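Chemist: Build me a model:
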Amino acid sequence: MTGFSRRDFLGLTGTAAIAAMSGRANAAMGPNDKFDLVIKGGDVLDPSQSLKGKRDIGIRWGVIEAVENEIPAARAARTIDASGKLVTPGLIDLHSHVYPYGSAIGIPADELVQAQATTTVVSAGDAGVNNLAALRRYIVAQSRARIYAFVHIANNGLSGFPVAELYNIDYAQVEACAMALAENPDFLLGVKVRMSENVIAKHGLEPLKRSIKACEMCGWPAKMMVHIGGVETKELMSEILDLLRPGDVLTHAYSGAPNIAGVFTNIVQDGKLLPAALAAKQRGVMFDVGHGGGSFDFTVAEVALPGGCTPDTISSDIHVFSGNSPGMPYLPNVMSKFIALGLTLEQVVAAATVTPAKIINRAPKIGTLQIGAPGDVAIMDLVEAQTSFVDTRNNRREGKLLLKPVQTVINGVPFGRPYQAPFAVR
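Modeler: Okay, here's the model as predicted:
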């Protein structure tokens, strides 16, 4: 295991870990060697390679070893028949809440795999400095789904939800947050801050300024994830946008939530897209959906998208409350809503695979079906049927395509039983 650390090993699971120890993941396959798993006959769509078409995918030792027109059945130790199914890289959810016990709203990441086809998820500020170590030691280390995180600028993260974490600005400790970032660059992506009036009261830009300062102090290029929706004033929304740096993530970008006074203060005001929003998009700020239970409004998206603010990433903001809301913010369902808004299938798959992989600095290792990548695969039904979609403000829109998860593969191992659909594992 020369050059392979204990931390590297712990970052892997199952057959991938064995492969790393043995070195067999990189060994050339002989003509009589079998793949551990072959996913046969699926309609493969991988935006990272501009790949679209019927293919077989061969996985050995947790790694993708072949993507071919046909792999003989005799070369498969196990086969999944994906005929008539859409096959994509495992989905990446850039905004989720997956810290049960430590966050008041967290769901175990592995319980989401079958409902979302997610192989990688990002904890969006569940943990602050005070409970970050437990997230890493007790949750991340025991999950088959990969978990990365934005650390919350508030020391207590979301442990006190629904009590607002930043009414007391003293919870936003810059030096402590910067130290957490410096100590966990392999796991953390940056800092999360919620800028809604009902979270930060009258503190204006101060929480965001402290968050950016922590990013800049930590010694590596940490990103911001900034939650909007119900910002205190119309002017403050533009000021927030002006502070965001290229590569920072604006989440709940299409929120229609009002502030405490009932005023709509988000990126679309009085039916028009804010110039500051378009300027932020043009300088490289990433626009993320973060649907959740109260943060996606069709009427906002219908102004923002044609105005130049299309989503870079589509995410769920799934948690114990949003998962039971009428908008059903499970990631494939949210992707389907954006198809109804005019995005192509290729665009929505990219927004849940290769683009978030780049944002979290893990491309081309994940979010792809390239040979040598981990064997993370999502198999879904692409249902062609009239479907009614609901946002978080009870607006309805009709669509004609619906993505429904069937089977998810993580590191070359099928996760759980497949959904009861025309599907065979033998």
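Chemist: My guess is residue 207 contacts residue 168. True?
Modeler: No: using CB atoms under 8 Å, residue 207 is not in contact with residue 168, being 11.0 Å away. (Each C-beta comes from the backbone N, C-alpha and C, glycine too.)
Chemist: Mind checking which of these two has more residues around it?
Modeler: Neighbours around residue 207 and residue 168, counted as other CB atoms under 10 Å, are more numerous at residue 207. The numbers are 23 against 12.
Chemist: Quickly find the element holding the more buried one.
Modeler: Per DSSP states H and E: residue 207 is located in helix 206-217.
Chemist: Check residue 64 too.
Modeler: Residue-wise, residue 64 maps onto strand 63-68 under DSSP H and E.
Chemist: what's around the nearest residue to residue 47 once chain neighbours are set aside, how many residues?
Modeler: Nearest non-adjacent residue to residue 47, counting by CB to CB, 6 or more residues apart in numbering: residue 350, 3.8 Å away. Close neighbours of residue 350, defined as other CB under 10 Å, add up to 24.
Chemist: Residue 350 and residue 46: what is the separation?
Modeler: 9 Å (CB to CB, to the nearest Å).
Chemist: So which elements touch the strand holding residue 64?
Modeler: In this structure, strand 63-68 packs against strand 51-60, with contacts taken as 3 or more CB pairs under 8 Å, 6 or more residues apart in numbering; DSSP states H and E.
Chemist: and the strand it packs on, how far out from the chain's middle?
Modeler: Here the centre of strand 51-60 is set off from its chain's centre by 23 Å, with CA atoms, centre = their mean, to the nearest Å.
Chemist: and if you look at stretch 377-386?
Modeler: That offset, for stretch 377-386, works out to 19 Å (CA atoms, centre = their mean).
Chemist: heads up, I number from 199, so please use that
Modeler: Yes, from this point I'll number from 199; that puts the last item at stretch 575-584.
Chemist: Could you pull out the buried residues of it?
Modeler: For stretch 575-584, burial by neighbour count (16 or more other CB atoms under 10 Å) applies to 575-580.
Chemist: Which ones among the residues you listed map onto strands?
Modeler: Those of those mapping onto strands are 575-580, per DSSP state E.
Chemist: about what we covered before: now the buried residues of stretch 575-584 as a markdown table including distance to residue 535?
Modeler: Compiled in a markdown table, those are given as follows (distance: CB to CB, whole Å):
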| residue | distance to residue 535 |
| --- | --- |
| 575 | 23 |
| 576 | 18 |
| 577 | 21 |
| 578 | 15 |
| 579 | 17 |
| 580 | 15 |
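Chemist: from the residues you listed, which is closest to residue 397?
Modeler: residue 576 (33.1 Å; CB to CB).
Chemist: Touching, that closest one and residue 283? I think so.
Modeler: No: between residue 576 and residue 283 there is no contact, the gap being 9.7 Å when judged by CB under 8 Å.
Chemist: pretty sure residue 438 contacts residue 429?
Modeler: Yes: Residue 438 is within contact range of residue 429, at 6.8 Å (criterion: CB under 8 Å).
Chemist: any common contacting residues for these two?
Modeler: Counting by CB atoms under 8 Å, 6 or more residues apart in numbering, the residues touching both residue 438 and residue 429 are residue 393.
Chemist: Now do the helices in the stretch 199-348 of the chain.
Modeler: 204-208, 212-220, 307-314, 330-332 (DSSP state H, counting those that start in this stretch).
Chemist: Comparing those helices by mean pLDDT, which bottoms out?
Modeler: Here the helices of the stretch 199-348 of the chain differ in mean pLDDT, and the lowest is helix 212-220 at a mean of 45.
Chemist: about what we covered before: just list what the helix holding residue 405 packs against, helices and strands only.
Modeler: helix 372-381, strand 386-392, strand 421-425, helix 432-441.
Chemist: tell me the angle of that helix relative to helix 372-381?
Modeler: Per axes from the mean of the first three to the mean of the last three CA atoms, to 10 degrees, the angle that helix 404-415 makes with helix 372-381 is 40 degrees.
Chemist: Next, the angle from helix 404-415 to helix 432-441.
Modeler: Between helix 404-415 and helix 432-441, the angle comes out at 0 degrees (the same axes, to 10 degrees).
Chemist: what's next to helix 404-415, contact-wise?
Modeler: Contact with helix 404-415 is made by 351, 364, 367, 370, 372-373, 375-376, 379, 388-391, 393, 398, 419-422, 424, 438, 441, 443, as judged by CB under 8 Å, 6+ apart.
Chemist: Now list the buried members of these.
Modeler: Using 16+ other CB under 10 Å as the burial test, those include 351, 364, 370, 372, 375-376, 379, 388-391, 393, 398, 420-422, 424, 438 as buried.
Chemist: Export stretch 573-583 to PDB, keeping only CA atoms.
Modeler: C-alpha atoms of stretch 573-583 as PDB (Å, rounded to 0.1, in the frame of the first residue of the first chain):
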ATOM      1  CA  GLY A 573     -18.800   2.300 -10.300                       C
ATOM      2  CA  ASP A 574     -21.600   4.700  -9.400                       C
ATOM      3  CA  VAL A 575     -24.600   4.300 -11.600                       C
ATOM      4  CA  ALA A 576     -28.200   5.500 -11.500                       C
ATOM      5  CA  ILE A 577     -30.800   3.500 -13.400                       C
ATOM      6  CA  MET A 578     -34.100   5.300 -13.900                       C
ATOM      7  CA  ASP A 579     -37.400   5.000 -15.700                       C
ATOM      8  CA  LEU A 580     -38.000   7.900 -18.100                       C
ATOM      9  CA  VAL A 581     -41.800   7.900 -18.000                       C
ATOM     10  CA  GLU A 582     -43.600   9.700 -20.900                       C
ATOM     11  CA  ALA A 583     -46.900  10.700 -19.400                       C
END
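Chemist: Touching both of residue 405 and residue 366, which residues are there?
Modeler: With CB under 8 Å, 6+ apart, residue 405 and residue 366 have no common neighbours.
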